[in-house]
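pasting the sequence and the predicted coordinates here, then a few questions.
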Amino acid sequence: MTKTKFMHEHFRKLVQRLKKTLRLSASDKTHGVAATLSLDDLPEECISIIISFTSPLDACVLASVSKTFESAVKSDIVWEKFIPPEYESLISQSRDFSSKKELYFALCDESVLIDDGKKCLWIEKANAKRCIMLSEMKLSITWGNYPQSWQWIPDPQARFETVAELLGVCLFEIRGRINSCILSPRTRYSAYIVFRKTDICYGFENVAVEVVVGVVGQDLEESCPRYVCFDEATDEQFRWRDRGKNLVKPKRRKDGWMEIKLGEFFNEGGLLNYDEIEMVALENKQRHWKRGLIIGGIEIRPANIQCKPVSSGLENGLMFQMQRWEKDVSGGSSMGQKLGFDSRGKGIEEIVSRLSPFDELPEDCVSNIISLTSPRDACIAASVSRTLRLTVQSDSVWEKFLPAEYASLIHEWRVFSSKKELYFSLCEVPILIEDGQKSFWLEKASAKRCIMLSAKQLAITWGNSPQYWQWISIPESRFEKVPELLDVCAFEIHGSMNTQILSPRTHYSAYVVYKSRTGCHGFRDLPIQVGIRLVGQKPPKRFICFDESTDKIKKWAKRELMKSDEREDGWIEAEIGEFYNEGGLSLGCDEIELTKSQRLYFFFIGSEITSLSGLSNADNFIKEPMENNHDTKSSSGCGGGIVVLGPSPFDYLPEDCISSIISFTNPRDACVAATVSKTFELAVQSDMVWEKFLPRDYSSLVPQSRVFLSKKDLYFSLCHDPLLIEDGKKSFWLEKRSGKKCIMLSPKEMCITWVSSPQYWRWISIPEARFKEVPELLNVCWFEVRGRMSTRYLSPGTHYSVYIVFKTKDRCPGLGDSPVEVKVGLVGQELFQRFIRFVGPMDQRCGREMRVVTRPEEREDGWMEAELGEFFNEASCDDHVEVSVVEIKSPYWKSGLIIQGIEFRPRKKPVN
């Protein structure tokens, strides 16, 4: 009997034991015995085999469930599945490892030379994907064999024995090939060229190098060429070098080299499905001589993965890795590309073709669990095994994704072969409800409800006067008739809707949908005030413009002017605002009273409008659930998502087990998990969860006179009420969504030139300041402020942004209109330079500047702030971050600046 057959036979017996245990548990319940099956009662070998079908990241998370799981995760059965099958030929026989887990992390942290030293292989730590670097010996370099053009030199910092140094060429061409069978199957890969520059490097300034990545045998010219630049220029220089091309900048790596992304490709993989992948970098249009590059190789690694693991142990860097992957998953690609299913909901092709442990579980049990996820997760689950793929087709899964009242929404004459077909029909074909007054459909990825109000449900001033508006029929409209504007000098439109028809605990965006006819006039440079609010709340002011040619930056710098976008259906839409629909069960948000009877109000006031189709409410699933702009400052931190009513399979797990698992996530995910079931809601309230989100030294930060009912109350207190630490020289608080540490340095901790001279600076007390005294600039010609802080005060594995917080008097004479040079970086590393202004210019001079100057922004606390730069705090070591704000070039005397401090807080995620 082979090893594989033995493992499957062994696993079959273990599953039979598990089923017997489950039947005994069910029998106990039938006879009224309150017997609960603990996870520790499962056979350890069974747990190990099931975990081996997950990923290294999931294995490390599961190790926190219980002692039994922790022991099962350490088993060689688990980690041998994560290691390449040919691992014995990769490792030197002289090396000895105590376990397969130690061997796995050795392959992650230390690359291995293969193919006679021409390739380098290592494993991506979180998901065991293979990474490959091609040496310069595996590359085809034009003129590479001519010693007057290229030379091969040893480099102790390189992974290979030699590297290629460019001496002088006018035609620059590098090609590399790799067989995809050496890579992990069903994985999207990115290819990078790794290089360094010598002291004498020229010929690459203002030069765009064309790069292509594609499959050999296909026309590479049709494979989406990109353009890169080997010159390490600043952002401002790249702005004018771009010339309409998607120019990619080089990035500095942690190992001292630089890299440029050449492109991406998807490796289908499999024994009978592999290709030759070719990567090309070519510059043959500008025939001037080039010199000074050292090529280290071409690196191929899974897309969106950094060039080197963050830490030496996955357990230490797990939280940072999870946050990074959450940003990638919610990125800006279309949802169809993310999910891998077409309009009919066909799932991703099967990944696991052999027997899976899930194949032995009861189908109705698997269906019930999948139905508690989302359509997107269901389609991903279909790729695990044939059994899961068949289970996902079940009506019991898709009926949970349908609205409860779906039977009343569909015409009786329409027949669907399955609930899955009905679901995708509701996603792609909106239906009219309430006598044609509303259009209803579902968002495909999350099953969230979307609504469009018809113009008949809007209160349009003069809408019934035919000399001002006329009602017409348009074939491409969803509704029978839409209003067309004929001629008005002013208009006002209101709309209202009950939130009960929308999905609960969801961030929504509202859009006005319209078209313009030939001869449309009166909208040039005209801001239309719009707003959206819940009853009893004040709507935030926002402005849109129906003229797409309006210059947003120059004309309306002090207003948030939202420009229109063309939709796929041929109409145009403009976003008028956002709101959070609480709905459903309460999570203890006492400051918010959102019930099913509350109504939404839309309004926009302006001068003219053309043909109006309606107001479209589209679910914005990319929004973070805790990013709420509607005064939802509550200590509960409500999350978003679908509320699951009724019993859940997870309810049978011990509450302390659920709390322990949730404590390894973050505050945002904990609030979302609270919506799964009542058991999860109670588990999230546990001190075990929120104590993990608090700093380790929280007991020394909070005054003993303050008493909190729970660790949760303490957490939100640290988010809303900053504390003074170190004798009042620093202000400390937590970011609510992630629990990351934030710090503000007081001016007493800074080095300010001439601050001790009362004729130049004076120390004053301001009630709204966090610190006892702040400095006010009286009169200097040499303005210099520097600050330094240890990174141990900050959260590890986090990108931080740095801001100077200040106020100005009389537009800060001599300093307000002048660009001020600022730098931020870790001590011992290169400090990145940028420019800021303390006061925005009154004229348009900054629009003609060649460099980018950051403008100040007003904060909610009434102060102003300007971003100085960013840095990455890799670990909790005692590094120091340095900040400088200097203006010594202008001969004018400067005054009128009040500095509150320098603030360090986690960088905001880019919104796609």
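Yes, it's here. No experiment lies behind these values; they were computed from the predicted model shown.

strands along the stretch 301-450 of the chain, start to end?
Using DSSP state E, counting those that start in this stretch, the strands assigned to the stretch 301-450 of the chain run over residues 431-433, 438-442, 449-454.

nearest to L826, out of those?
strand 449-454 (46.3 Å; CB to CB). Any C-beta I mention is one placed from the backbone N, CA and C, and that applies to glycine too.

what strands line up against that closest one, and which way round?
strand 438-442 (antiparallel), strand 611-619 (antiparallel) (DSSP bridges).

quick one on the thing from earlier: can you put the strands of the stretch 301-450 of the chain in a markdown table and add mean neighbour count and mean pLDDT?
Formatted as a markdown table, the strands of the stretch 301-450 of the chain follow (neighbours: other CB atoms under 10 Å; pLDDT from 0 to 100):
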| stretch | mean neighbour count | mean pLDDT |
| --- | --- | --- |
| strand 431-433 | 15 | 89 |
| strand 438-442 | 20 | 90 |
| strand 449-454 | 22 | 90 |
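
can you lay out these as JSON lines showing distance to S473?
Shown next, in JSON lines, are the strands of the stretch 301-450 of the chain (distance: least, CB to CB, whole Å):
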{"stretch": "strand 431-433", "distance to S473": "14"}
{"stretch": "strand 438-442", "distance to S473": "16"}
{"stretch": "strand 449-454", "distance to S473": "13"}
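
which one of these lies nearest to E86?
strand 438-442 (46.6 Å).

before we move on, the earlier item: ok, which of the strands of the stretch 301-450 of the chain comes nearest S396?
Across the strands of the stretch 301-450 of the chain, closest to S396 is strand 438-442 (CB to CB), at 18.0 Å.

what about the strands in the stretch 101-250 of the chain?
According to DSSP E, counting those that start in this stretch, the strands that the stretch 101-250 of the chain contains are 112-114, 119-123, 130-134, 139-141, 150-154, 162-166, 172-179, 187-202, 209-215, 226-228, 247-248.

return the distance of A378 relative to I369.
Distance of A378 to I369, given as CB to CB, to the nearest Å: 10 Å.

tell me which of these two has more neighbours.
A378 (27 against 16; other CB atoms under 10 Å).

between the strands of the stretch 301-450 of the chain, which one is nearest to I532?
strand 449-454 (12.1 Å).

can you list the buried residues in whichever helix or strand comes after that closest one?
From strand 449-454 onward toward the C-terminus, using DSSP states H and E, the following helix or strand is strand 458-460. For strand 458-460, the neighbour count (16 or more other CB atoms under 10 Å) marks 458, 460 as buried.

after strand 458-460 comes which helix or strand?
Using DSSP H and E, the helix or strand that directly follows strand 458-460 along the chain is strand 469-472.

just checking, what packs against that next one?
strand 482-485 (3 or more CB pairs under 8 Å, 6 or more residues apart in numbering; DSSP states H and E).

report the inter-axis angle for whichever helix or strand comes after the strand it packs on versus strand 438-442.
From strand 482-485 onward toward the C-terminus, using DSSP H and E, the following helix or strand is strand 491-498. Strand 491-498 runs at 50 degrees relative to strand 438-442, counting by axes from the mean of the first three to the mean of the last three CA atoms, to 10 degrees.

report the angle between the following helix or strand past strand 491-498 and strand 491-498.
Next along the chain after strand 491-498, taking DSSP H and E as the criterion, comes strand 506-515. Counting by the same axes, to 10 degrees, strand 506-515 lies at 140 degrees to strand 491-498.

what is the rounded mean pLDDT of strand 506-515?
Computed over strand 506-515, the mean pLDDT rounds to 86.

quick one: list the elements packing against it.
strand 572-581, strand 611-619.

mean pLDDT for those: which is lowest?
strand 611-619 has the lowest average pLDDT among the helices and strands packed on strand 506-515, namely a mean of 41.

please pull up the helix or strand immediately following that strand.
Next element after strand 611-619 (DSSP H and E): helix 655-662.

so which elements touch that next one?
With contacts taken as 3+ CB pairs under 8 Å, 6+ apart, helix 655-662 sits against helix 667-673, helix 678-684, helix 687-693.

chain center to the second one, what's the gap?
In this case it means helix 678-684. 26 Å (CA atoms, centre = their mean, to the nearest Å).

what packs against that helix?
Using 3+ CB pairs under 8 Å, 6+ apart, helix 678-684 sits against helix 655-662, helix 667-673.

with the last one instead?
In this structure, helix 687-693 makes packing contacts with helix 655-662, helix 667-673, helix 711-720, judged by 3+ CB pairs under 8 Å, 6+ apart.

so which of those helices is the most packed in?
Most buried of those, by mean neighbour count (mean count of other CB atoms under 10 Å): helix 667-673, with a mean of 22.

which elements pack onto that helix?
Using 3+ CB pairs under 8 Å, 6+ apart: helix 667-673 touches helix 655-662, helix 678-684, helix 687-693.

can you map out the strands along the stretch 751-900 of the chain?
Using DSSP E, counting those that start in this stretch, the strands of the stretch 751-900 of the chain run over residues 761-764, 774-777, 783-790, 798-808, 820-826, 832-836, 853-854, 857-858, 864-873, 880-887, 897-906.

the ones you listed into JSON lines, with extra columns for mean neighbour count, distance to E124 and mean pLDDT?
Shown next, in JSON lines, are the strands of the stretch 751-900 of the chain (neighbours: other CB atoms under 10 Å; distance: least, CB to CB, whole Å; pLDDT from 0 to 100):
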{"stretch": "strand 761-764", "mean neighbour count": "15", "distance to E124": "52", "mean pLDDT": "93"}
{"stretch": "strand 774-777", "mean neighbour count": "21", "distance to E124": "48", "mean pLDDT": "94"}
{"stretch": "strand 783-790", "mean neighbour count": "18", "distance to E124": "32", "mean pLDDT": "91"}
{"stretch": "strand 798-808", "mean neighbour count": "21", "distance to E124": "20", "mean pLDDT": "93"}
{"stretch": "strand 820-826", "mean neighbour count": "20", "distance to E124": "26", "mean pLDDT": "91"}
{"stretch": "strand 832-836", "mean neighbour count": "18", "distance to E124": "28", "mean pLDDT": "86"}
{"stretch": "strand 853-854", "mean neighbour count": "17", "distance to E124": "36", "mean pLDDT": "86"}
{"stretch": "strand 857-858", "mean neighbour count": "10", "distance to E124": "38", "mean pLDDT": "90"}
{"stretch": "strand 864-873", "mean neighbour count": "20", "distance to E124": "19", "mean pLDDT": "91"}
{"stretch": "strand 880-887", "mean neighbour count": "20", "distance to E124": "29", "mean pLDDT": "91"}
{"stretch": "strand 897-906", "mean neighbour count": "23", "distance to E124": "25", "mean pLDDT": "94"}
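
dump the residue contacts of R905.
By CB atoms under 8 Å, 6 or more residues apart in numbering, the residues touching R905 are 735, 740, 742, 800-801, 803.
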